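kindly generate the corresponding structure for this input.
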Amino acid sequence: SAKKDILIMGWWFSPNLYLRRHKTAEGGLDESFQLKRVLKNVAQARGVSIRILIFEKPPFCLDYIDSQGVIDEFKDSDTIEVISHAPSMLNKFWSHHSKMVIVDGTWAYIGGIDLCFGRYDDEKHRITDPHGERHDPQDFYNPQYKEFSKESYSIDQTMFARMGWHDTAIRTASQQETHIAKHIFEWAWNQSSGQGVSEKNRSLSIEEIKEDKTP
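Below is the predicted model:
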């Protein structure tokens, strides 16, 4: 439903994630629901501006978080911009951990779940799936047995359970709450922007934020 812009902030972002698990006639997942395809289609078909702010992992850990890979995935788009929010020089163990999606400045999802592999769940929170009926291998995740490596993951679903998730998120259409979320995003984007960020989706200045007339 986006008409103007989409703002996404997350810790780990998987472009190849499937947002829905509808199977095709051939039995595979429907690629039109793949996150990168959804965003590219919205940007191309409607001219929607999309900005994605992700965590830039430290070089000595979290090898499965491929921040540069996400940037490269969308580098040819005229209306999608991706930048990473790096740890500060004073605290290399700091982690940008906010998650939100804001659409047209009018409504937002705010919560604890990244748009990434290993998080898929349903209302029943089942931790076993021996026949792979509900979970793709990259969704059936348990770091007690094996950790991710560059978004490639698989454990024996007949032998192990996955780690259950019970993070929560809210969808708000409140003008005040969405306005606050938007300004949090803009503040973080400004903090992360620097040389190499193109003009196509440049960050807002403090003056522009103050002049924002969103109710």
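
contacts and neighbour counts: CA atoms only from here.
Fine.

alpha carbons of stretch 158-170, as CSV, please.
The C-alpha coordinates for stretch 158-170 follow below in CSV (Å, rounded to 0.1, in the frame of the first residue of the first chain):
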residue,chain,number,x,y,z
THR,A,158,14.3,-35.2,12.5
MET,A,159,16.8,-35.0,15.3
PHE,A,160,16.7,-31.5,16.7
ALA,A,161,14.2,-28.9,17.7
ARG,A,162,14.4,-25.3,16.7
MET,A,163,14.7,-22.4,19.0
GLY,A,164,11.3,-20.9,19.8
TRP,A,165,10.7,-17.2,19.4
HIS,A,166,8.2,-15.1,21.2
ASP,A,167,9.2,-11.6,20.4
THR,A,168,6.3,-9.2,19.9
ALA,A,169,5.6,-6.3,17.6
ILE,A,170,2.9,-3.7,17.2
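
in it, which residues are buried?
160-164 (16 or more other Cα atoms under 10 Å).

let's have these in a markdown table, adding pLDDT, secondary structure and distance to residue 80.
Formatted as a markdown table, these follow (pLDDT from 0 to 100; DSSP: H, G, I helix; E, B strand; the rest coil; distance: Cα to Cα, whole Å):
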| residue | pLDDT | secondary structure | distance to residue 80 |
| --- | --- | --- | --- |
| 160 | 89 | coil | 39 |
| 161 | 91 | coil | 37 |
| 162 | 90 | coil | 34 |
| 163 | 85 | coil | 33 |
| 164 | 78 | coil | 33 |
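
switch the residues you listed over to a markdown table; also include distance to residue 177.
Converted to a markdown table, the buried residues of stretch 158-170 look like this (distance: Cα to Cα, whole Å):
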| residue | distance to residue 177 |
| --- | --- |
| 160 | 41 |
| 161 | 38 |
| 162 | 34 |
| 163 | 32 |
| 164 | 29 |
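
show me where the protein dips below the pLDDT cut-off.
The model of the chain has pLDDT under 70 over residues 58-61, 63, 86-94, 150-152, 194-215.

what about residue 191, neighbour count?
When counting by other Cα atoms under 10 Å, one arrives at 12 neighbours for residue 191.

next, give phi and psi for it.
Main-chain torsions, residue 191, degrees, to the nearest 10: phi -60, psi -30.

what distance separates the opening and closing residues of stretch 39-53?
By Cα to Cα, to the nearest Å, the extent of stretch 39-53 from end to end equals 14 Å.

so residue 118 sits right up against residue 140, yeah?
Yes - Residue 118 is in contact with residue 140 according to Cα atoms under 8 Å; the separation is 6.1 Å.
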